[in-house]
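Peer 1: Here you go, sequence then predicted model.
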Amino acid sequence: MTNTPGAEIDWQEESRRFNGVANLYDACRPAYPEELIDALISMTGIQTDSRILEIGSGTGKATLQFARRGFSILCIEPGQNLVSVAAQTLKSYPRVEFEAIAFEQWHEHPGAFDLVMSAQAFHWIPKAIGYAKAAWALKETGQLALFWNMYPDPTDAIFSDLHRVYEEHAPELSIRLSSCEELIKQREADIKESGLFRHARVTRFPWSVKYDALQYVGLLGTYSDHLRLSEERRKRLYEGVIEVIARHGGFIERPYLAVLYVAQVRRNLLTEHAI
């Protein structure tokens, strides 16, 4: 019932879907636990004079959390509508810049950044391109930080009722291809298998967000797998979701597991992985 996309999906096509719901994405998608941001800063040792590159910055959910702490950030985001929303949100932070371009097409600045980070986006980029370009952009002691809000299987009764709604109206979305822990391990393995980074440190941050029915349907409307449904199927699905939430008191608490990966670049291996 949640969006847990695979690794080798056309990022540009998915970007167009997200770009088409930019305002909804900004209104409904959660940000990240402040504890995760603080841990990332502590683990990487970045300072306010450090240079940060953010890949797939979207509407600036994570960007804002760093900008408020005084960091300088170059944001790479292919969706122009997403960039426009982010630029409006971050207009009071002159140290944040945007380039509306896909990361695959971006001409990296070799050895220019202390930190390359990506929130909820790096899995859309082909691995061979994403890790190599990120590594090239980093200074010799630079760090990669990837983080996602993941979706542990909830056990509350409301989710059992929602499962039945999905089985009726969108059964393909009710099938979970892998567990949350399997996905965490796979993403850790991806960093290792790139050969360009040292051992990744993985930290978990459980948290949750409470939604009313319309807020929750709005959230669903930002998931790429839901956006692939026909308009009529989405309508029937969302009507069923609203009815379930109404029967359970009008609110739903969605559990999240924010997962942070931090790894230092191995600059001596970059020549063997030239793009």
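Peer 2: Ah, there it is.
Peer 1: Walking through this structure, point out its helices one by one.
Peer 2: Under the criterion DSSP state H, the chain carries helices at the ranges 11-20, 22-28, 34-44, 61-67, 80-89, 127-137, 157-169, 180-194, 213-220, 224-227, 231-247.
Peer 1: got a list of contacts for the longest one?
Peer 2: Taking contacts as C-beta atoms under 8 Å, 6 or more residues apart in numbering, the residues outside helix 231-247 that touch it are 158, 161-162, 165-166, 168-170, 212-214, 216-217, 220-221, 226, 229, 251-252. Placement of C-beta: from N, CA and C, glycine included.
Peer 1: picking up where we left off before, want to throw the helices of the chain into CSV with mean pLDDT?
Peer 2: Converted to CSV, these look like this (pLDDT from 0 to 100):
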stretch, mean pLDDT
helix 11-20, 70
helix 22-28, 94
helix 34-44, 98
helix 61-67, 98
helix 80-89, 97
helix 127-137, 96
helix 157-169, 95
helix 180-194, 96
helix 213-220, 97
helix 224-227, 91
helix 231-247, 97
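Peer 1: Tell me which of these lies nearest to Phe103.
Peer 2: helix 127-137 (6.5 Å; C-beta to C-beta).
Peer 1: roughly how far apart are the closest residue to Arg187 other than its chain neighbours and Arg16?
Peer 2: With sequence-adjacent residues excluded and distances taken as C-beta to C-beta, 6 or more residues apart in numbering, Arg187 is closest to Tyr261, at 6.5 Å. Applying C-beta to C-beta, to the nearest Å, one obtains 27 Å for the distance of Tyr261 from Arg16.
Peer 1: out of these two, which sits in the more crowded spot?
Peer 2: Tyr261 (22 against 14; other C-beta atoms under 10 Å).
Peer 1: Give me the residue at the spatial middle of the protein.
Peer 2: Most central residue of the chain, judged by C-alpha distance to the mean C-alpha position with C-alpha atoms, centre = their mean, is Gln120 at 0.6 Å.
Peer 1: That one contacts Gly58, doesn't it?
Peer 2: Yes: proximity of Gln120 to Gly58 meets the contact threshold set by C-beta atoms under 8 Å, at 7.1 Å.
Peer 1: Overlap of the contact sets of these two?
Peer 2: Common neighbours of Gln120 and Gly58, counting by C-beta under 8 Å, 6+ apart, are Arg29.
Peer 1: on that earlier part again, let me see the contact set for the residue nearest to Arg187.
Peer 2: The neighbours of Tyr261, taking C-beta under 8 Å, 6+ apart as the test, are Leu144, Ala145, Leu146, Phe147, Arg187, Glu188, Ile191, Ala200, Arg201, Val202.
Peer 1: and the closest residue to Leu138 other than its chain neighbours, how many neighbours?
Peer 2: Once its chain neighbours are removed from consideration, Leu138 has its nearest residue in Val265; the separation is 4.4 Å (C-beta to C-beta, 6+ apart). The number of residues packed around Val265, counting by other C-beta under 10 Å, is 25.
Peer 1: Beta-bridge partners for Val265, please?
Peer 2: Partner residues in beta bridges with Val265: Phe197, with DSSP bridges as the criterion.
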